[in-house]
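Novice: just need the structure, nothing else, for what follows:
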Amino acid sequence: MIQLFKRQTVQDKFKDSLDKLQKLLAQNSGDPRIRVKIAELYLEYGRKDEAIAEYLIAAKAYQDKRLFQIAVAIYNHAIAIDSDQVDIYTELANLHLRNGFIGDGVAVLEKLANHFCDKNLNYEAVQVLHKIHEIDPNNEFFKMKIAKFYQDKDWQLFEQKDIATVESRISAPRGDFDLEYALASDADVQVTIPPEGAADADEGAGTTPDDVFSQLKGMIANTDDMNSPQFHFNFGLAYIRCNEFDEAITEFMAALGGIDNKAECYIKLSECHMALGRFDSAIDVIGKALKLLKLTENDRLSLLYQSGLVFKEKGDIQKALKVFQKVYDADRSFRSVDSEIKNLLLKT
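Specialist: Below you'll find the predicted structure:
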């Protein structure tokens, strides 16, 4: 007897995929990665509003985890999907401002003001410019930015005293650095003013927020199993780029049981412990890794080299020299082991 099977429609495929993700979300309610994947699914089927709603939930979850780079990337992605989502501009600007990145916050508000102008919503644009002014009323750079905006739009400036300030600076003779010329030649210039004593926002990152999010999306898109060892390892790398070392340790430990390259995973764990000043834990991790079966010679040297870096960071010069010497004896061209030895000898 021939059985007739109903062909699955596009809507059926969407519903099946969504059901699977929602079940996974129910089991892992605090995992923003699943929210991102749900958002991507909505977007794939043209359901833009639902996609943005999921992205915003994920972005706020990343803020709670203090993964601000990823949160910023998600907000920017949502704006790219629908530039009319005015609340997202405001949320993104506030995120920058709360973390002391005033220049970045102002840059977002500038984009919002331009968006309003493109829509002929001039009143709304002026209100955004007022907000920029209120962030730091005495900031001459912001005043110049606002003045240039008004001049480009041929509008009247919001306060007469600011007109005088701006006009006096625009008409001033050019010195070693002409701010007006710089602004005119680079309309997209951004100035980041970090809080006092804060580290450089890009220190050790090597990637932009959009890079981080693109990599995150790639991980999610290419991984069916959200709990796979490789997924946890990749997500640990994302945490390292955001300087969230405790969270990275959690991900690397989750990856360790099933990942193929265990030596590399142990090295990343050691790097995280070292970054947190837990030198004994960093060395202990390397000791466990050196006991692995089927360890390649390159892996062994990499582990020894990492332990040398830990001893050096800890201030134990003699132990660091001893370890680096072992690496040097095995392979004189391994990384920068010769430079490490020379530099340490200068300290003895």
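Novice: CA only for contacts and neighbour counts going forward, please
Specialist: OK.
Novice: what about residue 248, how many residues nearby?
Specialist: Counted with other Cα atoms under 10 Å, the neighbours of residue 248 add up to 26.
Novice: that one and residue 272 touch, don't they?
Specialist: Yes. Using Cα atoms under 8 Å, residue 248 is in contact with residue 272, at 7.3 Å.
Novice: where do the contact lists of the two overlap?
Specialist: residue 240 (Cα atoms under 8 Å, 6 or more residues apart in numbering).
Novice: any idea which element residue 34 lies in?
Specialist: helix 32-44 (DSSP states H and E).
Novice: list the buried residues of the following helix or strand past that helix.
Specialist: Sequence-wise, the next helix or strand downstream of helix 32-44 (DSSP H and E) is helix 48-64. For helix 48-64, a neighbour-count test (16 or more other Cα atoms under 10 Å) marks 48-49, 51-52, 54-63 as buried.
Novice: what is the nearest of the residues you listed to residue 332?
Specialist: residue 62 (43.7 Å; Cα to Cα).
Novice: separation between that closest one and residue 139?
Specialist: Using Cα to Cα, to the nearest Å, residue 62 is found at 31 Å from residue 139.
Novice: looking at the spatially most central residue of the chain now. What's its pLDDT?
Specialist: Nearest residue to the geometric centre of the chain (Cα atoms, centre = their mean): residue 69, 2.7 Å. With respect to pLDDT, residue 69 has a value of 81.
Novice: residue 128: how many residues sit nearby?
Specialist: Neighbours of residue 128 (other Cα under 10 Å): 21.
Novice: sorry, slip of the keys, the one I care about is residue 316.
Specialist: 13.
Novice: again, but for residue 22
Specialist: Residue 22 has 16 nearby residues by other Cα under 10 Å.
Novice: that one: what's it in contact with?
Specialist: Here residue 22 is in contact with residue 38 (Cα under 8 Å, 6+ apart).
Novice: now name the helix or strand holding it.
Specialist: Going by DSSP H and E, residue 22 is part of helix 10-27.
Novice: what angle separates that helix from helix 32-44?
Specialist: 170 degrees (axes from the mean of the first three to the mean of the last three Cα atoms, to 10 degrees).
Novice: pull out the buried positions in helix 10-27.
Specialist: So, applying 16+ other Cα under 10 Å, buried residues of helix 10-27: 18, 21, 22, 25.
Novice: next one: stretch 246-261
Specialist: So stretch 246-261, judged by 16+ other Cα under 10 Å, has buried residues 246, 247, 248, 249, 251, 252, 253, 254, 255, 256, 259.
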